[in-house]
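Undergrad: pasting the sequence and the predicted model now:
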Number of protein chains: 4
Amino acid sequence: MKNKKKQSAKRGRQRMSGTEVMPLWAGGFLERLSKEAFSYSASFPYDKRLWKFDIVASIAHARMLGTCKVIADEESKLLSSELEKMLREIELGKLKLEGNYEDIHSFVESTLTERIGDIGGKLHTARSRNDQVVTDMKLWMRSAIAKLCEAICELCEALLSASKKHIDFLMPGFTHLQHAQPVRLSHHLMAYFWMMQRDADRLIDLHRRMNLSPLGAGALAGVDFPIDPKMTAKMLGFDGCMRNSIDAVSDRDFIVEFISCCAIVMVHLSRLAEELVLWSTPEFGFVKLKEALCTGSSIMPQKRNPDMAELIRARCGRVVGALTALLTVLKGLPLSYNRDLQEDKIAMFEAFDVTHSSILMATMLITSAEFNGEKMRSSLRGDFSTATDLANELVRKGIPFRHAHSIVGKLVRELAQQGKGLEDVTLEELKQYCDAFDEASLMAIKPEVAIERRAELSGTAKASLRRQFAEAKRYIKNVRKFIAGLKLLGEP
Amino acid sequence: MKNKKKQSAKRGRQRMSGTEVMPLWAGGFLERLSKEAFSYSASFPYDKRLWKFDIVASIAHARMLGTCKVIADEESKLLSSELEKMLREIELGKLKLEGNYEDIHSFVESTLTERIGDIGGKLHTARSRNDQVVTDMKLWMRSAIAKLCEAICELCEALLSASKKHIDFLMPGFTHLQHAQPVRLSHHLMAYFWMMQRDADRLIDLHRRMNLSPLGAGALAGVDFPIDPKMTAKMLGFDGCMRNSIDAVSDRDFIVEFISCCAIVMVHLSRLAEELVLWSTPEFGFVKLKEALCTGSSIMPQKRNPDMAELIRARCGRVVGALTALLTVLKGLPLSYNRDLQEDKIAMFEAFDVTHSSILMATMLITSAEFNGEKMRSSLRGDFSTATDLANELVRKGIPFRHAHSIVGKLVRELAQQGKGLEDVTLEELKQYCDAFDEASLMAIKPEVAIERRAELSGTAKASLRRQFAEAKRYIKNVRKFIAGLKLLGEP
Amino acid sequence: MKNKKKQSAKRGRQRMSGTEVMPLWAGGFLERLSKEAFSYSASFPYDKRLWKFDIVASIAHARMLGTCKVIADEESKLLSSELEKMLREIELGKLKLEGNYEDIHSFVESTLTERIGDIGGKLHTARSRNDQVVTDMKLWMRSAIAKLCEAICELCEALLSASKKHIDFLMPGFTHLQHAQPVRLSHHLMAYFWMMQRDADRLIDLHRRMNLSPLGAGALAGVDFPIDPKMTAKMLGFDGCMRNSIDAVSDRDFIVEFISCCAIVMVHLSRLAEELVLWSTPEFGFVKLKEALCTGSSIMPQKRNPDMAELIRARCGRVVGALTALLTVLKGLPLSYNRDLQEDKIAMFEAFDVTHSSILMATMLITSAEFNGEKMRSSLRGDFSTATDLANELVRKGIPFRHAHSIVGKLVRELAQQGKGLEDVTLEELKQYCDAFDEASLMAIKPEVAIERRAELSGTAKASLRRQFAEAKRYIKNVRKFIAGLKLLGEP
Amino acid sequence: MKNKKKQSAKRGRQRMSGTEVMPLWAGGFLERLSKEAFSYSASFPYDKRLWKFDIVASIAHARMLGTCKVIADEESKLLSSELEKMLREIELGKLKLEGNYEDIHSFVESTLTERIGDIGGKLHTARSRNDQVVTDMKLWMRSAIAKLCEAICELCEALLSASKKHIDFLMPGFTHLQHAQPVRLSHHLMAYFWMMQRDADRLIDLHRRMNLSPLGAGALAGVDFPIDPKMTAKMLGFDGCMRNSIDAVSDRDFIVEFISCCAIVMVHLSRLAEELVLWSTPEFGFVKLKEALCTGSSIMPQKRNPDMAELIRARCGRVVGALTALLTVLKGLPLSYNRDLQEDKIAMFEAFDVTHSSILMATMLITSAEFNGEKMRSSLRGDFSTATDLANELVRKGIPFRHAHSIVGKLVRELAQQGKGLEDVTLEELKQYCDAFDEASLMAIKPEVAIERRAELSGTAKASLRRQFAEAKRYIKNVRKFIAGLKLLGEP
């Protein structure tokens, strides 16, 4: 065997002497793929990122082939030990992910064959690149989901910690970007917590749905060797197997769903970023971003620009674009595998990279932001944001809400014309609008009182926030438990 | 009380004498909303579709207000009984959803106040349109999810039934729209089954995630009345309550997720539709669509056009558009409620209408399609689609797969040049390419044999399909059980 | 002939007795189109909007057929006079656009045949719905372009007029939403003028490119009658004819381009709307929107919400969605006509309606906005927005810009720490940072001076604005001239 | 001066010793930009592609500053000669575009300052990165437009040449992917020609609209030095200057329009690609793609997959995604420059790269495709695609078209049931359906005759094609003339 190995290894090297590596499928072809076509179609420049998952999955496949006697035991061992060696060499930087390969699968198989000769060619028995690539991507995605969930947990902890720290900061709550009712800054920040919670929840659902092995599907019709797909599934940490081989190689739902999850995360971050940009204007002045996260201007020496927040906001567009791109690619494609599907990876990687780095950046922004409690509190002065509470005082005296709303509406308008706020009003003035007003009415318009009255369940009172904090902690713990339970085979 | 009721009812009518109905918020305004602004902003033309959910939620709210003593018991009863009356009248067509109302909430409250006077104004106590509209939409969505799941079950049954019926139809399996390997038509159809299964699964997850009541959030900060949000949540079939009032009124995640689910469904249907269009060309001739689902040409008398399939394919674009639209709307919005959010309903209704009607149409197409088994089988002749099986025969003799692949590649090329197919080859001819070929090799290239050899798990053999059928049945049952467990309060 | 006419008119009526109208193509069909298929595919509910263009184009076609002797002269006259009658009746509301028709073409032809009998059937000679519908849409688009350009002119006039009125209002110019350099409000408003100018320019280019008649293309291959496509083109105001019949019926470029133009308009308006929302917060207070264009809250009596601006901002999403939708529909469609193309109209109408109404609303907002010059000017105090001018003073003394930037950067930081602004600095203080500062430096930091120094071409000085005003006027005139030159055949 | 130069060059090097280069704006900052923020925000990895345009524009700026006496003449000369040197060194690969720079502008200015000392800092006088980057992108776009137009011309020539070569190939023209009427293959191919013609036309319009210099706008307000923007505009090949400095730095319309143009190109190519995929199935067999542009399968030895066509089709999705991304980024951005705008380049480069390479690939596919005229012609047999011509024969005898359509519809249906085509019918058989049929009717149903009868203007007859060829040639010439007139300053 050894001799044979050397010979074919030599053949391998000869192939390698050209600028382009012989594709896996070129056996029956008379013409070689044109250079332009090669460069238009090769995915190696970006799918090499899947290298570790590709090798690990190949090792599992090789072992299963041996156990099932599809290949000889020693062949199986040779294949897996050489693949493990390659894996270590790549990690150490000894084997470079370089060369004119069509894709990562070709790189691995060609390198393997160069090293161990024709036996290398047995690795592809009972497998096709069609099921292989989906396997790689699912293993990658498992790691990507773990990373995103981890980052979400950190952002959630930053939000929780900032909320706890600023529990006494009162600010105007906004609707339509107009002052609506006073709220605690903590309450506002915790709104983002619950958004991110749903984001993690969605990723966990996706993991459950996608974590089925496509191996055994072959090119599209299943394989004609007595393999054991459940064995490879188990070795690779899948919860089970796909049930239909045509579906297994055609399915890119999990990628659409993944990018869709990322897009919702980015929408959330874009809303947070918008508020950081807004709040750090001189006009608002609610927050000062850490200087190390701001940039200046090449010509205006006074500038402190919230660039990181602006970029987070903008990059939401990138992920929306990636989602649109993939949906457009998939629309109207006949079954089963079509080369069109190759475009999935570009969109998938982009969505992950943008989303992951943006969560990290948002975490840094929140962790280091200096909120200006005084500015917030002072902006409640004269803003009539407790007018609803005043109307509700009348409701408590039995006046229908619509009527009370109208009385207070008139009062607010006339006070504003006089340049006064609700905090300036006296009981006598109130009584001119409605006899039912009393001392309690004057209490009701204090932001502190108004806030503490909203203690029901989801309200902005301190008690409600304490409940939120407790639940939040429990929730983060659950997500971390989910992550800990995942079999991660490489970095996404 | 009766007198008062009449008086204010009169006031109500007076308001109605103009062309526009007084908005709920107009108490403190000096100028009326301009006509152009009214028509640019009114959502009544489309959100009236939510009428039943709005009334049912109002009834629950009124009852809770009574139980919690926020309003008097008789007031609570009057409100809920009149609302129930309105509900029945709308159902009977006696009360028309017409008039210059701003939105469905205004229609309901104004009509109520016209009928029972100022007490009507008490309904809005401890509530805002901001939490109300999210409640309505979530109740609507629960019904929409049920309807979609029901339709998916029917399509799944149609696919299952067609698969069972055509279990003996063999056809070329395609990759890159080139003949790849022979498969059973049943197997191809079942691939769509599993796609739809994931679609239903996704909707079930969405339901769990979104089924939390926003009531109690008020405008954004919670409410300052001693209400019981858990009571309304329970009455309305929610599984619990939102934890943060700002999040409750700002959150449109569930709509993005809903449209995203619809978009994936439509991608699946667009692929099915593409194949029906393709298969019904004279060139393919694999299927004949029912004439009652085809149209002709206004000038070409011979035409039988697969319009329904083309429209399904195209309408995928509409849902992708709706998804992009909503994501773009949400990008960069500060918290909490902004009027921008009104655009959510247009996208949500469109996604549902298109998706639901398309699933029904796909079901009709599949149910009535006449598959042409002979045409399919004959297209396997001379197509070399069992070349892999021939190569695998060599692999079984110990030849590495890459080598075998190359040998058969050469054989195929040369046979094709002679105008021959694999079915025409003799053992002698085979042996000219490789000595290892034998009688078994001649068997391996028969489509029937190739197919039955793919019996592992997800393969295309009859045994695999039988397993798929059994699992499929179980799955449909589970989805129907989910639907049966939902509290549905109206038609979506 | 009269008798025949009556008979077939009777046949027409008989057909009409059912709930569905016999489609134009049903001659050779045994089964009728199923109800579900009819309702899934009928476009009459929305394409009836094209009625006038359809009839006018049919009149031109009928006349041409007569002139070319394809039909008899009296037939041609009967057809066109009856079509003209129908047109008038629809305008007067006598003939309703109702009934179970497949599309507007079917409505027109069926109604015509009911009225004048079998002669009506001659109208479709040498024509197909495939070329007919593109003709209708191009005629519609010409009117839509005119309407949009007209609306743009009005918004431009509003911007120009507001700019002239507020030429003395100084405000902080923003980059990154931080104060950058002082500018005139007029200059800021005129930026929107030039955006809208490009928008009109783009529509004018589109008109030139699309204004070629598709008539004569027939179903796809041209027609086999001796017709004169140039004659119909001229009658309908086209500048020429499409050169390739397959392209003529497949081409929807003009609709993609139209929606793309609309999307850019909406991006511009969304930026303007964002600023109106921002500027009308209490924190900014730069503008007060007219009360008649604001709404209040159903529960918060103090609210004045900038809903119209928020809706403009949001509706940008709708048009982006429509663009995505149509591009997705078109992707991967084989030539020539496919039913998928029917979806074009929904996207096209939506883009127009949203864009046109949004331009009108933006015009109302600008026309009635009260800008607060005092608030703007006062916000320049202490904002260091003339720091660049101070650095440039050093540059004028020969200090390299980078160095000067660094010196002033330090000054600004230290002043800010002392709670001072640039207006508070003395010459002595300046000199501590750099000896080269002098009296002129103290002048340079006055906003009024800084602004007037930017008089080069596109700068914010008064002289530059005067030039802009003059050019703006000229430009509006040119657009109006373009509109006046168009042959408009109906309302879009 | 020399000494000073050395000293500051040293300072430059010292700065360089760290891993990160000192940003241009860091003068007044106490904290350095964090590593994470640097890597999240730096655009150098992709905007370095603009290097040549950045340097050329800087040379023009430096010269203008000298001429206008803003800097001394020798300073101006030193700046421009050193910049020219840098340009040559980069071209020769001596100066690498490497290092931790924020963006290409920082790279150029820092390198310059390292080399010539503090004088380098004078380059940025009267300029900001805000106007500089728009200038660079517009210069880039001019080259990109030229490249795209050039590629379009080549594809057009390939289409024209293939059309001329195959003028005698007859094929079924399709609507709804059903045989509609016979056409010439040339006619079908020329449809793509006219699509591409509009594509070039659109790019030419864009060039006219965008070719205005933003220089002089500074950061946003114009500049306070006596510069001459018209001079730089002229030196750089612009047709004029932007009129409003705020608009100049905020405007990204030209990029949206550019990507929109690319998206329409890609829609066209995706349609062509879909047809190549379809036509190269064994079922159609209309075309054989060059083997050097096909790939095989890693496991199925018989495969010849049309991967290049599939990838073209799919990549349409990428450009649609880029368009959506940028529109989403721009939506709701306040004026003027925001860091969000940095995302424009990623979308712009991606759109160009995908579109340009796809046009080239489509050209290769068309140039080398082997069309199978026999297969096409034979597929016309029995397809009833001249049924319209038969109906029109009756119309010529005075029978209304609707009636004729119905008669032929019946005939077709009954022939099909008997397994016959129109070519099998006899005059007697015809007469059973309508007496008016005669010998001419038998002629009319020959594809050759039907085709030649469609000679009006845009029809499929040979005469029409000859006209198309002549116009096509003229058109290509005009586009080439446009390209030749452009001042191109670098490779896109």
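TA: It's in.

Undergrad: how far does stretch A:111-130 stretch from start to finish?
TA: This stretch, stretch A:111-130, spans 20 Å end to end (C-alpha to C-alpha, to the nearest Å).

Undergrad: that stretch near chain D at all?
TA: Yes - Stretch A:111-130 reaches chain D (C-beta under 8 Å from any C-beta of the partner chain) through A:124, A:127, A:128, A:129. Where you see a C-beta, it was placed from the backbone N, CA and C, and this is true even at glycine.

Undergrad: give me the neighbour count for the residue nearest to the first one when sequence neighbours are not counted.
TA: The shortest distance from residue A:124 to any non-neighbouring residue, by C-beta to C-beta, 6 or more residues apart in numbering or on different chains, is to residue B:401 (5.0 Å). Using other C-beta atoms under 10 Å in any protein chain shown as the criterion, residue B:401 is surrounded by 26 other residues.

Undergrad: roughly how far does the residue of the stretch 251-400 of chain A found nearest chain B sit from residue D:423?
TA: Of all residues in the stretch 251-400 of chain A, residue A:400 sits closest to chain B, at 3.4 Å by C-beta to the nearest C-beta. For residue A:400, the distance to residue D:423 equals 83 Å [C-beta to C-beta, to the nearest Å].

Undergrad: those two: which is more packed in?
TA: The neighbour count for residue A:400 versus residue D:423, taken as other C-beta under 10 Å, is higher for residue A:400 (23 against 15).

Undergrad: tell me the contacts of the more buried one?
TA: If you count contacts by C-beta atoms under 8 Å, 6 or more residues apart in numbering or on different chains, residue A:400 has them with B:118, B:119, B:120, B:121, B:122.

Undergrad: what's around the closest residue to it other than its chain neighbours, how many residues?
TA: Leaving aside its sequence neighbours, residue A:400 sits nearest to residue B:121 (C-beta to C-beta, 6+ apart; 3.4 Å). Residues lying near residue B:121 (other C-beta under 10 Å) number 23.

Undergrad: do the one 4 residues further on as well
TA: Around residue B:125 there are 23 other residues, counting by other C-beta under 10 Å.

Undergrad: that one contacts residue B:72, correct?
TA: No - Residue B:125 is not in contact with residue B:72 according to C-beta atoms under 8 Å; the separation is 11.5 Å.

Undergrad: which pLDDT value goes with the residue nearest the centre of chain A?
TA: With distances taken as C-alpha atoms, centre = their mean, residue A:262 lies nearest the centre of chain A, 4.0 Å away. Residue A:262 carries a pLDDT value of 98.

Undergrad: isn't it up against residue A:355?
TA: Yes - using C-beta under 8 Å, residue A:262 is in contact with residue A:355, at 4.2 Å.

Undergrad: which residues are common contacts for these two?
TA: A:148, A:319.

Undergrad: is whichever strand or helix holds residue A:309 up against chain B anywhere?
TA: Counting by DSSP states H and E, the element that carries residue A:309 is helix A:307-330. Yes - contact check for helix A:307-330 against chain B, using C-beta under 8 Å from any C-beta: residues in range are A:313, A:316, A:317, A:320, A:323, A:324, A:327, A:328, A:330.

Undergrad: switch the residues you listed over to JSON lines; also include distance to chain C, neighbour count and pLDDT.
TA: Formatted as JSON lines, the residues of helix A:307-330 next to chain B follow (distance: C-beta to the nearest C-beta, whole Å; neighbours: other C-beta atoms under 10 Å in any protein chain shown; pLDDT from 0 to 100):
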{"residue": "A:313", "distance to chain C": "11", "neighbour count": "30", "pLDDT": "98"}
{"residue": "A:316", "distance to chain C": "13", "neighbour count": "34", "pLDDT": "98"}
{"residue": "A:317", "distance to chain C": "10", "neighbour count": "30", "pLDDT": "98"}
{"residue": "A:320", "distance to chain C": "9", "neighbour count": "32", "pLDDT": "98"}
{"residue": "A:323", "distance to chain C": "10", "neighbour count": "30", "pLDDT": "98"}
{"residue": "A:324", "distance to chain C": "6", "neighbour count": "33", "pLDDT": "98"}
{"residue": "A:327", "distance to chain C": "7", "neighbour count": "30", "pLDDT": "98"}
{"residue": "A:328", "distance to chain C": "5", "neighbour count": "33", "pLDDT": "98"}
{"residue": "A:330", "distance to chain C": "10", "neighbour count": "29", "pLDDT": "98"}
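
Undergrad: name the helices or strands packed onto the helix holding residue A:309?
TA: helix A:253-279, helix A:344-368, helix B:253-279, helix B:307-330, helix C:307-330, helix D:35-41, helix D:307-330, helix D:343-368 (3 or more C-beta pairs under 8 Å, 6 or more residues apart in numbering or on different chains; DSSP states H and E).

Undergrad: tell me which helix or strand comes right after the first one.
TA: With elements assigned by DSSP H and E, the helix or strand that comes after helix A:253-279 is strand A:287-288.

Undergrad: quick one: distance of that following strand to the chain centre.
TA: Put simply, strand A:287-288 sits 26 Å off its chain's centre (C-alpha atoms, centre = their mean, to the nearest Å).

Undergrad: next one: stretch A:322-335
TA: With C-alpha atoms, centre = their mean, you get 20 Å for stretch A:322-335.

Undergrad: please apply the same query to stretch A:127-143.
TA: 20 Å.

Undergrad: please apply the same query to stretch A:374-387.
TA: Using C-alpha atoms, centre = their mean, the offset of stretch A:374-387 from its chain centre is 36 Å.

Undergrad: what do you get for stretch A:188-203?
TA: For stretch A:188-203, the distance to the chain centre is 12 Å (C-alpha atoms, centre = their mean).

Undergrad: how about that stretch and chain B, any contact?
TA: Yes - using C-beta under 8 Å from any C-beta, stretch A:188-203 comes into contact with chain B via A:188, A:190, A:191, A:193, A:194, A:195, A:198, A:201, A:202.

Undergrad: cool, stretch A:127-141 as well?
TA: Yes - applying C-beta under 8 Å from any C-beta, one finds stretch A:127-141 touching chain B at residue A:130.

Undergrad: with adjacent residues omitted, what lies nearest to residue A:55?
TA: Residue A:55's closest residue in space is residue A:87 (C-beta to C-beta, 6+ apart), at 4.9 Å.

Undergrad: got a list of contacts for the helix or strand containing that neighbour?
TA: Using DSSP H and E, residue A:87 maps to helix A:73-92. The contact list for helix A:73-92 (C-beta under 8 Å, 6+ apart) reads A:51-52, A:55-56, A:58-59, A:62-63, A:65-67, A:71, A:95-97, A:108, A:111-112, A:115-116, A:119-120, A:122-123.

Undergrad: so how do I select the buried members of those residues in ChimeraX?
TA: Those of those that count as buried under 16 or more other C-beta atoms under 10 Å in any protein chain shown are selected in ChimeraX with:
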select /A:51,52,55,56,58,59,62,63,65,66,71,95,97,108,111,112,115,116,119,120,122,123
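
Undergrad: follow-up on the earlier one: now render the residues of stretch A:188-203 next to chain B as CSV, adding distance to chain D, secondary structure and pLDDT.
TA: Shown next, in CSV, are these (distance: C-beta to the nearest C-beta, whole Å; DSSP: H, G, I helix; E, B strand; the rest coil; pLDDT from 0 to 100):
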residue, distance to chain D, secondary structure, pLDDT
A:188, 20, helix, 98
A:190, 25, helix, 98
A:191, 20, helix, 98
A:193, 22, helix, 98
A:194, 24, helix, 98
A:195, 19, helix, 98
A:198, 21, helix, 98
A:201, 25, helix, 98
A:202, 20, helix, 98
